[in-house]
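Asks: give me a model of this one.
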Amino acid sequence: MHSYFIGIDVGTQGVRVILLDETGRTMGSSEKVFPLTPHSREEQSPALWWESVMACLENLLISVREVIDLKDIKAVSVTSTSGTVIPLDADNEPLHNALMYSDTRPTGEGKYCREIAERSHPQGYTGFNASSGLSKMVWYSNHFTEKAADIKTWIHATDFIIGKLCGDFATTDYTNALKSGFDVGTGEWPLYLTEHLPLRKEWLQRVVPSGTPVGRLLPVLSEQLGLAQIQVIAGMTDGCASQVASGAVRPGDWNTTIGTTLVVKGVTTREVRDPEGRLYSHRHPEGYWMPGGAGNIGADWVSAGFADDLPALAEAAANLIPTGLIAYPLLQQGERFPFIAPQARGFAPENASREGTFTANMEGVAFVERYAYEMIEGVSGEEVNAVYTAGGGSNSDVWLTIRANVLNRPVHKCGNVTGAAGAAIVAAAGSHYGTLTEAAQAMTRIEKTIRPVPSLVAAYTQQYRSFIHTLTEKGFIAGPVPVIH
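Replies: Numbering: from 1, shown residues only. Predicted coordinates:
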């Protein structure tokens, strides 16, 4: 007998639905792509999301019904973009398209929300900007005053799909509510949201930990899909869902995703209060904390300048490490994590070969990752015990080797690290396993582990010191950070 769990991921460019069994084995999946346009970066149709979700669910279930009994599917959960919000009317219909996290129109409101939060509720989350849900709620109230009078509830992208599945639109989870102003430490919506901002208390949702059962699949959907009235489980934001899918869910576990940007997320026993605002903390469903940060540096430089001959470059890089060269392959101006430096600009080593520059760039990103973990240990007072990794950068064996030796820690490459898989694990946590930790331990896997080599560690320690010295000279950072070992 097997049990199965559905994970739904509604992203900026499409929907993905996956079915996992209780061991994390993928039984099937279905996807639908959205065209990405300037308008869709600002607003998208929730109705289109739902149509796409239903199409993917139907395709998925058709593809698996010959190999599993659909009655053994136990639960479903959802993940989507952080900061995307929708105003609903009294009939739970959108009053407006979803305001996307990538919508930059609420820049002024983001600054205002941050100032109000820092003055009125500094112990809560204060890092509001244009991408935050709260900023978009305020922007909408300021620009659509008459329509705002008809709002019943502000919800997040995840909540819309959960509401369509079970009928409950009034519930959200800690990870989605954070950037809408919810205080995950006290478990309350702060008073400043309604006393100093154009919001009403009745607009704000009930907030529960991710993995909490919210309801059951509506009878009409149960009949249409051929499913039992399976449990619908409170989900989480896409970044947190990917962290869960990596298996980094226990205190001391951390995940680095190197995609377009460098994203670091982990678990601590205590809330991390970073006075410089490089890190912010979600709340773990088991009471721990899930701090994280995202930089502007990442792997975008690969596609921008090295994509045409990657296999040859990777082969050459394996014979060049460590290069002793100093590079910082930042394509845009300004860095936000693991240090804040609006003036930062990328640089490459002078007179280096193409192969040497490629290799030095990988080393440079690894040095930034090391700096991030040193900063995290210094700010949190807790050790980084394990580093899991995902994203396009984790597909390079030579880059994994560089990173393991720069970090002087084993680096675990994860399998199936997607938001949809994370949502399926959350569904299992709330319906089959006792905790998220148990579900992740049972349903995630490590594809390979790269371990450091003493000779490379020693060489990279010297090169890292040169990297830090260079960034200090350029004024990007103040210098090395304290390290706990």
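Asks: so where does the closest residue to residue 446 other than its chain neighbours fall, helix or strand?
Replies: Counting by C-beta to C-beta, 6 or more residues apart in numbering, residue 412 is the residue found nearest to residue 446 once chain neighbours are left out, at 4.6 Å. For the C-beta atoms, the positions are set from N, CA and C on the backbone; glycine is no exception. Assessed by DSSP states H and E, residue 412 sits inside strand 411-414.
Asks: then residue 373?
Replies: Using DSSP H and E, residue 373 falls within helix 354-380.
Asks: what helices or strands is that helix leaning on?
Replies: strand 253-258, strand 262-266, strand 289-294, helix 310-318, helix 397-407, helix 454-473 (3 or more C-beta pairs under 8 Å, 6 or more residues apart in numbering; DSSP states H and E).
Asks: domains of the protein?
Replies: Taking automatic domain parsing as the reference, the chain has its domains at 4-239, 248-473.
Asks: okay if I get those domains as TSV plus mean neighbour count, mean pLDDT and distance to residue 481?
Replies: Formatted as TSV, those follow (neighbours: other C-beta atoms under 10 Å; pLDDT from 0 to 100; distance: least, C-beta to C-beta, whole Å):
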stretch	mean neighbour count	mean pLDDT	distance to residue 481
domain 4-239	20	96	20
domain 248-473	20	95	5
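Asks: can you redo those as TSV with distance to residue 480?
Replies: Below are the domains of the chain laid out as TSV (distance: least, C-beta to C-beta, whole Å):
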stretch	distance to residue 480
domain 4-239	25
domain 248-473	5
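Asks: do you know which of the ones you listed lies nearest residue 479?
Replies: domain 248-473 (5.0 Å; C-beta to C-beta).
Asks: which SS state does residue 302 fall under?
Replies: Three-state call for residue 302 (DSSP: H, G, I helix; E, B strand; the rest coil): helix.
Asks: and it, what is it in contact with?
Replies: Going by C-beta atoms under 8 Å, 6 or more residues apart in numbering, residue 302 touches 310, 361, 392.
Asks: how about the helices and strands packed on helix 354-380, which one is nearest residue 343?
Replies: Closest to residue 343 of those, according to C-beta to C-beta: helix 454-473, at 11.7 Å.
Asks: dump the closest one to PDB, keeping only the CA atoms.
Replies: The C-alpha trace of helix 454-473 is given here as PDB (Å, rounded to 0.1, in the frame of the first residue of the first chain):
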ATOM      1  CA  PRO A 454      42.800  19.300   2.600                       C
ATOM      2  CA  SER A 455      45.300  20.600   0.000                       C
ATOM      3  CA  LEU A 456      42.500  22.400  -1.900                       C
ATOM      4  CA  VAL A 457      41.000  23.800   1.300                       C
ATOM      5  CA  ALA A 458      44.400  25.300   2.300                       C
ATOM      6  CA  ALA A 459      44.900  26.900  -1.100                       C
ATOM      7  CA  TYR A 460      41.400  28.300  -1.200                       C
ATOM      8  CA  THR A 461      41.700  29.700   2.300                       C
ATOM      9  CA  GLN A 462      44.600  31.900   1.000                       C
ATOM     10  CA  GLN A 463      42.700  32.900  -2.100                       C
ATOM     11  CA  TYR A 464      39.600  33.700  -0.100                       C
ATOM     12  CA  ARG A 465      41.600  36.100   2.100                       C
ATOM     13  CA  SER A 466      42.800  37.800  -1.000                       C
ATOM     14  CA  PHE A 467      39.200  38.000  -2.300                       C
ATOM     15  CA  ILE A 468      38.000  39.600   1.000                       C
ATOM     16  CA  HIS A 469      41.000  42.000   1.000                       C
ATOM     17  CA  THR A 470      40.000  43.100  -2.600                       C
ATOM     18  CA  LEU A 471      36.400  43.600  -1.700                       C
ATOM     19  CA  THR A 472      37.400  45.600   1.400                       C
ATOM     20  CA  GLU A 473      39.800  47.800  -0.600                       C
END
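Asks: summarise which helices and strands it is packed against.
Replies: When contacts are defined as 3+ C-beta pairs under 8 Å, 6+ apart, helix 454-473 packs onto helix 354-380, helix 397-407.
Asks: what about residue 423, which helix or strand?
Replies: helix 419-431.
Asks: restricting to C-alpha, output that helix in CSV.
Replies: Extracted in CSV, the C-alpha atoms of helix 419-431 (Å, rounded to 0.1, in the frame of the first residue of the first chain):
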residue,chain,number,x,y,z
GLY,A,419,8.6,24.2,-5.5
ALA,A,420,6.0,21.6,-6.6
ALA,A,421,7.9,18.8,-4.8
GLY,A,422,8.2,21.0,-1.7
ALA,A,423,4.4,21.5,-1.8
ALA,A,424,3.8,17.8,-2.0
ILE,A,425,6.1,17.2,1.0
VAL,A,426,4.1,19.8,2.9
ALA,A,427,0.9,18.0,1.9
ALA,A,428,2.4,14.8,3.3
ALA,A,429,3.6,16.5,6.5
GLY,A,430,0.1,17.7,7.2
SER,A,431,-1.7,14.5,6.4
